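In: Mind folding the following:
(chains A and B)
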Amino acid sequence: MTLLNVKNLVAGYGDLQILEKVNIVVEEGEYVAIVGPNGAGKSTVMKSIFGLTKHIDGKIIYEGSDISGLPTEEIIKLGISYVPQNENVFPNLTVRENLELGGYIMKEGKEKRIQELFDQFPILQLKENNKTSTLSGGQQQMVAMARALVLNPKLLMLDEPSAGLAPDLVKENFEYVDQIREGGTAILMVEQNAKEALSRCDRGYVLVQGKDRFVDTGEALLNDEHVKKEFLGG
Amino acid sequence: MSSSKTKKKQSRKKKSAKKYPLKVEKIGKKFGGLSAVDNVSFSIEKGSITGLIGPNGAGKSTTFDLITGITSSDTGSVKFNGEDITGKRPYQIANIGLVRTFQITRELKEMTVMENVMLAPKNQIGQQLSSVLLSRGRRKIENQEAELLEKAWETLDTFHLDKLANEYAGNLSGGQRKLLEMARVMMMDPSMMLLDEPMAGVNPTLKKQIITLIKKLSKDGYTFLLVEHDMDVVMNHCNPIIVMHNGGVILEGTASEISTNERVIDAYLGGSE
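Out: Reported below is the predicted structural model:
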């Protein structure tokens, strides 16, 4: 079943229009990657879904209803979580406090959910009382993902989860995403590590100048001569 | 020591400073009780593209901070073109041709992209009061501005930012900010550039073009030291490669030496692929 259907989305910031008619579909439990040049609007797609941009036109249908124009605090209640590219943890708070904030709107079961996440990311339990800023880059990225997962979202949006990570951690991070997806959460990911993202996702979109130019399975995009040359560095 | 001997020694020293513009000797820095950088030494050869790699938290960015005077070192010294720059301010170091970029970009958000790059070059005549007041000075300013503007357009074109010249820097995407940061450094025309993760968040095709540019500049004698996690870039284009771990240098070598070294594989590269 279709979880998210972005239709002819036009959005931007202030007077600046970034997206011109973007169409993106995410099925339930699907892993979708968005790749493309810098400034194509990839992050803006995610921010728009999360209610952080100026909505100009088009629809964002989530579980059958249009959520475009809704404020972020309403959107998150519907089961959509988002991990931004930068500044995605509270560096001066402990790991546990970060996760508690991730579950701020939960009325019950927060402790149990945090424990589940500690079981999934054991290193975070070891560091639960450490200030997040003292963790390594890879571990901070893990905190950010875990924080977004506290609410048990149906859709997790990740903006360049592998940027700035050492090679062994890049692989580990992608493996965590696979693991999250196996738990039934749909993934919408923006990545410049396009080869890795496309080889793992179900479907990929190539976004260029605010429009979705190509869509296909990750594998087909990886083998498309034009896409390879223009967007994957040959 | 006789004076001729001293002279000889000095000229040899100069020669080596010519071949190795940057010499880092036993620098160290502690934050609280923690050694972020511990007894780090290396020399960077002129015209090289040297890679600095290592796990997150190994001390790579702090090393950049110590070299460029952002943070003062507790121990050791840094020499650039034979001159001791330990303890100098970042702007003084930039003025003699050693400039860096930051992992977290520092553009001036409320200025346009063009204004950001036009601010970068040093020694702009218009900064002197006398030349602003005298008509001859004003002509000079205009000539210099025209030259800089041409260079600015070329630079923006190289980094695919030309169409965004009049956009506020604060409206750029994360990747574009990275590119603007590099464009600003290029506009300063330094003889050596320290680039902190220049390729993170940059599209693969553009990445290739930036590497081509860096290689061309290195052939012209510009020197590069880059912190980078993109192994494609490091292994194919950096030589030598310096590996840091837990605040210290554990190895310096070629790509093939690095990629087969057990310690590096364990600490950084991860299992075989």
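In: OK, contacts around the residue of chain A found nearest chain B?
Out: The nearest approach of chain A to chain B comes at A:Asp168, 2.8 Å away (CB to the nearest CB). (Glycine included, C-beta is placed from N, CA and C.) Neighbouring residues of A:Asp168 by CB atoms under 8 Å, 6 or more residues apart in numbering or on different chains: B:Pro55, B:Tyr268, B:Leu269, B:Gly270, B:Gly271.
In: Please check these and keep the buried ones.
Out: The neighbour-count criterion (16 or more other CB atoms under 10 Å in any protein chain shown) marks B:Pro55, B:Tyr268, B:Leu269 among those as buried.
In: now, among those residues, which is nearest to B:Gly170?
Out: The nearest member of the buried ones among the contacts of A:Asp168 to B:Gly170, counting by CB to CB, is B:Pro55 at 32.4 Å.
In: Find the nearest non-adjacent residue to that closest one, please.
Out: The shortest distance from B:Pro55 to any non-neighbouring residue, by CB to CB, 6 or more residues apart in numbering or on different chains, is to A:Ala166 (4.9 Å).
In: Give the rounded mean pLDDT of stretch B:111-122.
Out: On average, the pLDDT along stretch B:111-122 is 88.
In: Report whether it contacts chain A.
Out: No - counting by CB under 8 Å from any CB of the partner chain, chain A is not contacted by stretch B:111-122; separation bottoms out at 11.1 Å.
In: what's the answer for stretch B:198-206, then?
Out: Yes - using CB under 8 Å from any CB, we find that stretch B:198-206 touches chain A at B:Ala200, B:Gly201, B:Val202, B:Asn203, B:Pro204, B:Thr205, B:Leu206.
In: Pick out the residue in chain B sitting closest to chain A.
Out: Nearest residue of chain B to chain A (CB to the nearest CB) works out as B:Gly270 at 2.8 Å.
In: check contacts around that residue.
Out: A:Pro167, A:Asp168, A:Leu169, A:Lys171, A:Glu172.
In: Domains of the chain: list them as residue ranges, please.
Out: In the absence of a named chain, chain A is used. A:1-77+A:155-162+A:187-234, A:80-152 (automatic domain parsing).
In: wait, chain B
Out: For chain B, automatic domain parsing gives the domain ranges B:20-107+B:177-273, B:109-171.
In: Who are the packing partners of the host helix or strand of A:Met189?
Out: For A:Met189, the host element (DSSP states H and E) is strand A:186-190. Secondary-structure packing of strand A:186-190 (3 or more CB pairs under 8 Å, 6 or more residues apart in numbering or on different chains; DSSP states H and E): strand A:2-13, strand A:16-27, strand A:31-35, helix A:42-49, strand A:155-159, helix A:167-182.
In: Is the second one positioned near chain B?
Out: So the one you mean is strand A:16-27. Yes - on the criterion CB under 8 Å from any CB, strand A:16-27 is in touch with chain B at A:Leu16.
In: buried stuff in that strand?
Out: Within strand A:16-27, the residues that count as buried by 16+ other CB under 10 Å are A:Gln17, A:Ile18, A:Leu19, A:Glu20, A:Val22, A:Ile24, A:Val25, A:Val26.
In: In those, which has the lowest confidence score?
Out: Ranking these by pLDDT, A:Gln17 lands last with 90.
In: Was I right to think that one contacts A:Gly58?
Out: No - judged on CB atoms under 8 Å, A:Gln17 makes no contact with A:Gly58 at a distance of 11.8 Å.
In: tell me, what's touching those two both at once?
Out: In contact with both A:Gln17 and A:Gly58: A:Val10, A:Ala11, using CB under 8 Å, 6+ apart.
In: Near chain B, which residues of chain A are found?
Out: So far as CB under 8 Å from any CB goes, chain A lies against chain B at A:13-14, A:16, A:35-44, A:85-86, A:136-138, A:160, A:163-172, A:192, A:194-195, A:229-234.
In: So which bits of chain B are right by chain A?
Out: Checking chain B against chain A by CB under 8 Å from any CB, the hits are B:53-57, B:103-104, B:160, B:164, B:167, B:171-176, B:178-179, B:197, B:200-208, B:229, B:231, B:268-271, B:273.
In: For the residue nearest the centre of chain B, give me its contacts.
Out: Closest to where the C-alpha atoms of chain B average out (CA atoms, centre = their mean) is B:Leu194, at 1.6 Å. Applying CB under 8 Å, 6+ apart, we find B:Leu194 in contact with B:Phe64, B:Ile67, B:Thr68, B:Leu98, B:Val99, B:Arg100, B:Thr101, B:Phe224, B:Leu225, B:Leu226, B:Val227.
In: Let's see that with 10 Å instead.
Out: B:22, B:44, B:50, B:52, B:61, B:63-65, B:67-68, B:98-102, B:185, B:223-227 (CB atoms under 10 Å, 6 or more residues apart in numbering or on different chains).
In: Output the below-cut-off pLDDT ranges for the stretch 1-150 of chain B.
Out: B:1-15, B:104, B:132 (pLDDT under 70).
In: What segments of it are strands?
Out: For the stretch 1-150 of chain B, the strands defined by DSSP state E, counting those that start in this stretch occupy B:22-31, B:34-44, B:49-53, B:75-80, B:83-84, B:98-100.
In: quick one: which of those is nearest B:Met114?
Out: strand B:98-100 (19.5 Å).
In: partners of that closest one in the sheet?
Out: Note on strand B:98-100: by DSSP bridges, its sheet partners are strand B:192-196 (parallel).
In: next SSE after the strand it pairs with?
Out: Using DSSP H and E, the helix or strand that follows strand B:192-196 in sequence is helix B:204-219.
In: Give me the packing partners of that next one, helices and strands only.
Out: helix A:194-200, helix A:225-231, strand B:49-53, helix B:135-158, helix B:174-187, strand B:192-196, strand B:223-227, helix B:231-237 (3 or more CB pairs under 10 Å, 6 or more residues apart in numbering or on different chains; DSSP states H and E).
In: Give me the neighbour count for B:Ile211.
Out: For B:Ile211, the count of nearby residues is 19 (other CB atoms under 10 Å in any protein chain shown).
In: oh, I was asking about B:Glu147
Out: 11.
In: How about the contacts made by residue 197?
Out: Just so you know, I chose chain A. A:31-35, A:158, A:160-162, A:174, A:177, A:187, A:189-191, A:204, A:218, A:222.
In: look at chain B instead
Out: B:Glu197 neighbours (CB under 10 Å, 6+ apart): A:163-164, B:60-61, B:101-104, B:178, B:226-230.
In: likewise A:Asp57?
Out: A:Asp57 neighbours (CB under 10 Å, 6+ apart): A:Lys7, A:Asn8, A:Leu9, A:Val10, A:Ala11, A:Gln17, A:Leu19, A:Glu20, A:Lys21, A:Ser68.
In: before we move on, what about B:Arg184?
Out: Shown in contact with B:Arg184 (CB under 10 Å, 6+ apart): B:99, B:101, B:105-108, B:113, B:116-121, B:155, B:159, B:169.
In: And the strands of the stretch 1-150 of chain B: which comes nearest A:Val208?
Out: So among the strands of the stretch 1-150 of chain B, strand B:49-53 is nearest, using CB to CB, at 30.1 Å.
In: now that closest one and strand B:34-44, what's the angle there?
Out: With axes from the mean of the first three to the mean of the last three CA atoms, to 10 degrees defining the directions, strand B:49-53 sits at 160 degrees from strand B:34-44.
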